[in-house]
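Mind looking at a prediction? Sequence and model below.
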2 protein chains.
Amino acid sequence: MLSTTDIISGITKGSIRAVARALSKVENGTPDAIDLLDAIFASQRGFTIGVTGPPGAGKSTLVNRMITRYRNSGNSVGVIAVDPSSPFTGGALLGDRIRMQSHATDSKVFIRSMGSRGHLGGLSGATRDASIVLSAAGYTPVIIETVGVGQAEVEVAGLADITLLVLVPGLGDDVQSMKAGIMEIGDIIVLNKSDRSGIDQLENYVKASLDLMPAGLKRPEVVRVSAANGEGLEDLWGAVDRLSATHSEKDKILRSAVKTMNQILQENGILFSEKLLELEYNGRETVEKLILAGRLTPYAVGKKLLERAERMFEHNGSK
Amino acid sequence: MLSTTDIISGITKGSIRAVARALSKVENGTPDAIDLLDAIFASQRGFTIGVTGPPGAGKSTLVNRMITRYRNSGNSVGVIAVDPSSPFTGGALLGDRIRMQSHATDSKVFIRSMGSRGHLGGLSGATRDASIVLSAAGYTPVIIETVGVGQAEVEVAGLADITLLVLVPGLGDDVQSMKAGIMEIGDIIVLNKSDRSGIDQLENYVKASLDLMPAGLKRPEVVRVSAANGEGLEDLWGAVDRLSATHSEKDKILRSAVKTMNQILQENGILFSEKLLELEYNGRETVEKLILAGRLTPYAVGKKLLERAERMFEHNGSK
């Protein structure tokens, strides 16, 4: 059994065993995870690439190409496969995927599928902490792959230094619902399966959506590729490198640290609320009974706890 | 300008103007929203139907069919179109959709597109509160439509009394990533576009996924439909009615109230954390500066606030 201290020194030396142990701690939200993350925080090397997009967009093929690219430059590559459809089960989703198997025996490629399990920050909290672990262990880049264009993906986009939104022709009406995603999620919009009919129409739609972006926001680059046959990939890597060059690694880490702090405030908040509930109602069971009996609404509970917190803060305003 | 009291009495009388004002308050997270929700909570009639699935699955066509069905029985129908790709912009996503236009002039159909804006509970908090407003105003059912199979959708599934997961042939590798979604999200799995090739393969895959469900969990029904040409819809409505009949409306409302309380605890928690940050570090600006200078990690901040909260709770254990 590795101690927390062993794990910390193991990570900075790139020990695979230490990394695996740290990822489990992070995923399960064990109490010493916070000390571990504090200790390795400054060892992060950057940088993280988010890859997101709707089901069927060809994200795993693209991620596979990306792994090959960075391995050819001698980098170790970390991949976190976020499985937002399962906050409960975790599982080895990406490991199963046939297209990843070409890298399965490469010890310089660390692929991990994430569920949220016990992490108070849910899946995005667990993913954030896992990417810090991999980054501190020297994996550059850490690629975060997630399925979808929803809230979870916006959060992942917020984690990654560079985010690729992968789209394909044939999404039907729902491409409309991605208008906001197109404007907000991607630093680079990848139009995959460029050999398919409908690719021109998709590109026109994407560009029209980008024309609606508020002034002052950075307009994402749009790149056509065929991840399957390799067309356009050089253009895509060029776009990634240009974006990456605009910030120093250290800048990126520190900027993301402020976001991380906001997320941690939220995670801690859950603990505070639970504690207030105990003080005000002698525990959860009593409140649930009252609610189930129709004698109390959840909004009345919320209001009462806010008022109690106000009083506590009044009495504890000074140290 | 309607007062909160006017809005409350307006909602229970089904006033469209009051409903619209209440929805704005809820979406923007204005402080009196909590009083409003407390007051109308007991007027809810149930029931809510969640409709989710990946882009291109034909959800709006299905929702349109569902509206027609309930309107034909004389019900008023509420639709909340959740736009998880945009926590920032809100917008009139569903209003744009051509297939909904057949109901646009029907005053007994209330269609609202939701963003999260100021709501502390984010999009799912805003959606939850909006469905309470529509339900209290007499819309039965309230249909919650959302795009995706991610965390946001699992949350929406938790809100709705009955959730339909809509799938179609042709999702490629990503149907694998939906294994967990298939087991966890849907009460009914709708296989849409039943006239497409690949439908048998999809059904086999879905059923194989369901075979992996832990014992004791309720296995969802699987129904094939073609929302576009109407095939299989009677079977689907039958499945919805059977599920709906298993609980009384009142039961459903009260059970969901406990979930709502947990969400509100989380939302309040954010406020508590902010307040602690102010006390411990004299405000956010100081902390951000220290973090950006690399002199403090976000995890160290989190730990310090937890310790401060512990001390406060020790001193305030009694009333």
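Thanks, I have it.

which residues in chain A form helices?
Secondary structure of chain A (DSSP state H): helices at A:4-12, A:16-28, A:33-40, A:59-72, A:93-96, A:122-136, A:151-159, A:174-177, A:179-184, A:199-211, A:233-245, A:249-281, A:284-292, A:298-315.

Worst mean pLDDT among those helices?
For those, mean pLDDT drops lowest on helix A:93-96, to a mean of 40.

on that earlier part again, nearest to chain B, of the helices of chain A?
Taking CB to the nearest CB, helix A:249-281 is the member of the helices of chain A nearest to chain B, at 2.4 Å. Where C-beta positions appear, they are placed from N, C-alpha and C, glycine not excepted.

near chain B at all, that closest one?
Yes: interface with chain B: helix A:249-281 contributes A:250, A:254-255, A:257-258, A:260-261, A:263-277, A:279 (CB under 8 Å from any CB of the partner chain).

Can you give the distance of that helix from its chain's centre?
Helix A:249-281 sits 16 Å away from the centroid of its parent chain (CA atoms, centre = their mean, to the nearest Å).

Against which helices or strands is it packed?
If contacts are counted by 3 or more CB pairs under 8 Å, 6 or more residues apart in numbering or on different chains; DSSP states H and E, helix A:249-281 sits against helix A:122-136, helix A:151-159, helix A:284-292, helix A:298-315, helix B:249-281, helix B:284-292, helix B:298-315.

Same list (those) but as a markdown table, adding mean neighbour count and distance to B:V26.
Below are those laid out as a markdown table (neighbours: other CB atoms under 10 Å in any protein chain shown; distance: least, CB to CB, whole Å):
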| stretch | mean neighbour count | distance to B:V26 |
| --- | --- | --- |
| helix A:122-136 | 26 | 23 |
| helix A:151-159 | 25 | 17 |
| helix A:284-292 | 16 | 20 |
| helix A:298-315 | 18 | 11 |
| helix B:249-281 | 20 | 12 |
| helix B:284-292 | 16 | 27 |
| helix B:298-315 | 17 | 29 |
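
Quick check: which of the ones you listed is nearest to A:G78?
helix A:122-136 (3.6 Å; CB to CB).

Could you export the closest one as CSV, CA atoms only?
Extracted in CSV, the C-alpha atoms of helix A:122-136 (Å, rounded to 0.1, in the frame of the first residue of the first chain):
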residue,chain,number,x,y,z
GLY,A,122,-19.2,15.2,-10.0
LEU,A,123,-17.8,14.1,-13.2
SER,A,124,-16.2,17.4,-14.1
GLY,A,125,-14.6,17.7,-10.7
ALA,A,126,-13.1,14.2,-11.1
THR,A,127,-11.9,14.9,-14.6
ARG,A,128,-10.3,18.2,-13.6
ASP,A,129,-8.4,16.5,-10.7
ALA,A,130,-7.4,13.5,-12.9
SER,A,131,-5.9,15.8,-15.6
ILE,A,132,-3.8,17.5,-12.9
VAL,A,133,-2.5,14.1,-11.9
LEU,A,134,-1.6,13.1,-15.4
SER,A,135,-0.1,16.5,-16.2
ALA,A,136,2.1,16.5,-13.1
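
Could you check the angle that helix makes with helix A:33-40?
With axes from the mean of the first three to the mean of the last three CA atoms, to 10 degrees applied, the angle from helix A:122-136 to helix A:33-40 works out at 30 degrees.
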